[in-house]
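K.L.:
Provide a 3D model corresponding to the input given below.
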Amino acid sequence: MRKRYAQTLSFSLLFVFVLFSLSHGGTFIENKDQPLPFKNALAQRDFKYSQKIFRLTHASYLAYQSDSMKIEERTDVYGFKGKSVKKAFLYSLAIPGTGQFYANAEVRLFPILSLIIPPLGKIHVNSKIKSPVFLGLDVTLWALYFNYHGKGKDEEKKYRAFADEHWSEDEYLRWLVTHLGIESDTATYWDPEKQEWTYLSHHLPDKKTDQYYEMIGKYEQFSWGWVDYDTTENFSLSRDSYLDMRRISNDWLNKAKYSAMISLANHILAAFDAAIAVNKYNKKGERFSQIEFKTRLVERDREIIPRLSMSVRF
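P.N.:
Purely as a prediction, here's the structure:
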């Protein structure tokens with residue numbers, strides 16, 4: 001009895017199992033190779049993400065295979081800081097030598113003279129050494145300027161005082177009246193040689209300006225104003241002495257002018273020299289202190305992968 005009961009129960013369970021298998025067998029077969037629901041979601045998300053990345057990068061790679069996908073980054077491994085070329089130029093333009101001190105770079109000692117004497121172009125020094133040279137030259141030139149200018153002005157005072165004592169405007173006007181029949185050198189007079197009315201080429205200024213003192217010694221028509229003028233010899237010792245004094249004064253003043261001009265040239269030369277020194281300093285620093293990184297996307301084994309390259313300048 002019990003055995004029969006057990007067999008009946010076993011056949012019943014077997015029958016239920018077969019019916020369940022027939023109704024769900026397709027599902028088991030379809031899903032037998034699929035992961036669990038949680039893993040399936042993760043795999044699906046990763047697959048979509050990789051597809052999206054591929055679409056974005058693969059088209060770009062094919063369209064811009066080289067430079068457009070290249071990213072460059074330069075890193076200063078020594079903490080190099082460049083200097084301002086404009087500052088160096090303005091520093092030395094204002095005070096020669098200060099731009100060279102600011103540059104603090106290795107430069108040629110005689111860059112211009114090297115065009116004439118090539119061996120001089122091989123001599124390199126620190127720009128700080130050139131700094132006192134430019135500054136010292138400028139100080140010397142201005143010292144010479146004030147010295148020459150002072151001497152020239154002293155001589156000018158002497159010849160003006162001499163002219164005031166030995167040249168008479170009244171004598172000059174008397175000569176105009178007695179010889180030309182005019183009271184002023186601006187009026188016309190009759191020239192018997194040319195047989196025509198003419199006028200004097202120069203006119204005495206109303207005030208004792210620089211032109212006044214120049215004209216009374218330079219032009220013959222004012223010779224009659226010198227107190228010792230010899231009408232027979234057409235000669236005046238005072239006039240010759242006066243011309244010598246003016247020449248000495250002008251020589252000193254010209255030397256002062258040349259000193260100022262050379263000083264100006266020194267300012268300009270120092271400014272350009274400082275700018276070149278800073279430019280070389282910056283180029284040398286960049287060349288010896290930079291690491292350059294380049295990244296780009298490349299295709300390898302049908303996959304898009306990033307490639308990183310690094311170059312160091314020494």
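
K.L.:
please report phi then psi for the spatially closest residue to D191 that is not a sequence neighbour.
P.N.:
Computed as Cβ to Cβ, 6 or more residues apart in numbering, the closest residue to D191 that is not its neighbour in sequence is T198, at 4.7 Å. Quick note: C-beta positions are derived from backbone N, CA and C, even for glycine. With angles defined as degrees, to the nearest 10, T198 sits at phi -140, psi -170.

K.L.:
tell me the contacts of T198?
P.N.:
Neighbouring residues of T198 by Cβ atoms under 8 Å, 6 or more residues apart in numbering: 188-191.

K.L.:
how about a cut-off of 7 Å?
P.N.:
188-189, 191 (Cβ atoms under 7 Å, 6 or more residues apart in numbering).

K.L.:
please apply the same query to Y281.
P.N.:
By Cβ under 7 Å, 6+ apart, the neighbours of Y281 are 83, 103, 105.

K.L.:
give me the buried positions along stretch 95-112.
P.N.:
Neighbour counts over stretch 95-112 (16 or more other Cβ atoms under 10 Å) mark 95-103, 105, 107-110 as buried.

K.L.:
ok, now stretch 276-283?
P.N.:
Here stretch 276-283 shows 276-282 as buried, counting by 16+ other Cβ under 10 Å.

K.L.:
could you tell me which of these are located in helices?
P.N.:
276-282 (DSSP state H).

K.L.:
what's the closest of the buried residues of stretch 95-112 to E171?
P.N.:
Using Cβ to Cβ, P96 is the member of the buried residues of stretch 95-112 that sits closest to E171, with 52.9 Å.

K.L.:
in terms of contact, does that closest one touch I268 like I think?
P.N.:
No. Assessed by Cβ atoms under 7 Å, P96 is found out of contact with I268, at 9.3 Å.

K.L.:
can you list residues touching both of the two?
P.N.:
Counting by Cβ under 7 Å, 6+ apart, P96 and I268 have no common neighbour.

K.L.:
in helices, which of the buried residues of stretch 95-112 appear?
P.N.:
Those of these lying in helices (DSSP H): 98-103.

K.L.:
show me which of those is closest to D154.
P.N.:
Closest to D154, out of all of those and judged by Cβ to Cβ, is T98, at 34.1 Å.

K.L.:
check that closest one and give its pLDDT.
P.N.:
According to the prediction, T98 has pLDDT 92.

K.L.:
the closest residue to it other than its chain neighbours sits in which helix or strand?
P.N.:
In this structure, T98 finds its nearest non-sequential neighbour in Y91, 4.2 Å apart by Cβ to Cβ, 6+ apart. Element membership for Y91, per DSSP states H and E: helix 85-94.

K.L.:
start to end distance for stretch 207-225?
P.N.:
16 Å (Cα to Cα, to the nearest Å).

K.L.:
residues of that stretch that come out buried?
P.N.:
212-213, 215-217, 221-225.

K.L.:
how near is E169 to N279?
P.N.:
63 Å (Cβ to Cβ, to the nearest Å).
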